[in-house]
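Trainee: structure for this input, please:
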Amino acid sequence: MGSGPVRHTAKKGGYADWLSKGSNLKDHFSDFLLCEYQTRPDVDLSEVNSVQNIRAVWNGDEWELHFVCKVELETLDSAGDGVAGIDLGITNIATVAFPGEYVLYPGNSLKEDKHYFTRAEYDTEGENGPSEKSMWARRKLADRETHFYHTLTGAIITECVERGVGTLAVSWPEDVRELDWGKTGNKKLHSWAFDRIYQYLEYALLNPMTASGHCLSACSRL
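Mentor: Numbering: from 1, shown residues only. Take a look at the predicted model:
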């Protein structure tokens with residue numbers, strides 16, 4: 001499906017857009033498709049100044065609309081001078097140590113997603129390679145993991161900002177995957193995405209839209 005001129009309109013319960021079919025699919029210049037849709041709970045298009053472009057993309061299971069928006073970023077406030085530490089784990093994805101208090105971030109929902117979609121992937125594996133259902137389960141899990149890590153790290157950075165924390169020290173389990181923890185332990189460690197979480201933390205603390213217009217001065221590994 002093509003992308004191009006778009007007419008974006010907010011309506012009760014969602015949005016409606018007239019989307020261009022693209023020059024190769026149009027019968028005439030004013031040939032548009034009317035798309036009615038709802039956004040995710042964490043997305044509010046009414047807050048953006050301008051929707052510049054919309055592209056309809058087939059993900060193998062359903063149509064998705066990808067938006068290119070123009071937004072204004074708030075001026076970053078100076079970071080606080082407090083220090084917090086993060087211990088990355090498997091049961092609790094992250095434990096943040098603030099002065100006088102610990103805040104736990106469990107990973108139950110992520111575990112449930114991994115169990116469900118991994119089983120769905122293997123149960124629908126085709127004889128000649130991955131089936132459409134198997135590929136769908138793989139993509140769905142990847143999307144949910146990305147959303148989970150973005151939400152998690154954004155929440156951690158926002159919490160740090162609200163507590164006046166300017167420096168975040170992250171524990172780094174050096175060479176932990178090279179040790180033999182037994183069959184069950186090795187399987188858990190293999191799926192432990194501590195390095196990925198650190199990358200998302202770096203992104204979140206530098207992204208003002210994630211941290212409510214604030215930033216931290218440093219994020220270091222220990």
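Trainee: any idea what Ala56 is bridged to?
Mentor: With DSSP bridges applied, Ala56 shows beta-bridge pairing to Leu65.
Trainee: pretty sure it is touching Leu65, no?
Mentor: Yes - checked against CB atoms under 8 Å, the pair Ala56 and Leu65 is within contact range at 5.9 Å. Just so you know, the C-beta spots here come from the backbone N, C-alpha and C atoms, and that holds for glycine as well.
Trainee: might you list the low-confidence residue ranges for the protein?
Mentor: Within the chain, the ranges that satisfy pLDDT under 70 run 1-35, 37-38, 42-54, 59-60, 68-79, 121-130, 172-195, 203-222.
Trainee: show me the domain layout of it.
Mentor: For the chain, automatic domain parsing gives the domain ranges 3-70, 82-221.
Trainee: who does the helix or strand hosting Gly85 pair up with?
Mentor: Gly85 is part of strand 82-88 when elements are defined by DSSP states H and E. With DSSP bridges as the test, strand 82-88 is paired with strand 92-98 (antiparallel), strand 165-170 (parallel).
Trainee: in TSV, list those along with distance to His115 and mean neighbour count.
Mentor: Below are these laid out as TSV (distance: least, CB to CB, whole Å; neighbours: other CB atoms under 10 Å):
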stretch	distance to His115	mean neighbour count
strand 92-98	16	19
strand 165-170	27	20
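Trainee: what's the burial count for the closest residue to Leu110 other than its chain neighbours?
Mentor: Spatially, and ignoring its direct neighbours in sequence, Leu110 is nearest to Phe148 (5.1 Å; CB to CB, 6 or more residues apart in numbering). If you count neighbours by other CB atoms under 10 Å, Phe148 ends up with 17.
Trainee: next: the one 5 residues further on.
Mentor: Counted with other CB under 10 Å, the burial measure for Thr153 works out to 27 neighbours.
Trainee: and if you look at Arg196?
Mentor: 13.
Trainee: pretty sure it contacts His150?
Mentor: No - using CB under 8 Å, Arg196 is not in contact with His150, being 11.1 Å away.
Trainee: count the neighbours of Glu62 for me.
Mentor: 8.
Trainee: state the distance from it to Arg139.
Mentor: 11 Å (CB to CB, to the nearest Å).
Trainee: please apply the same query to Asp87.
Mentor: The value you get for Asp87 to Arg139, if CB to CB is used, is 31 Å.
Trainee: report all helices and strands that the helix or strand containing the residue nearest to Leu110 contacts.
Mentor: Under the criterion of DSSP H and E, Phe148 resides in helix 132-162. Helices and strands touching helix 132-162, by 3 or more CB pairs under 8 Å, 6 or more residues apart in numbering; DSSP states H and E, are strand 82-88, strand 92-98, strand 101-106, helix 108-123, helix 194-206.
Trainee: looking at the ones you listed, which is closest to Glu36?
Mentor: Closest of those to Glu36 is helix 108-123, at 28.2 Å (criterion: CB to CB).
Trainee: orientation of that closest one relative to helix 132-162 in degrees?
Mentor: Here the directions of helix 108-123 and helix 132-162 differ by 170 degrees (axes from the mean of the first three to the mean of the last three CA atoms, to 10 degrees).
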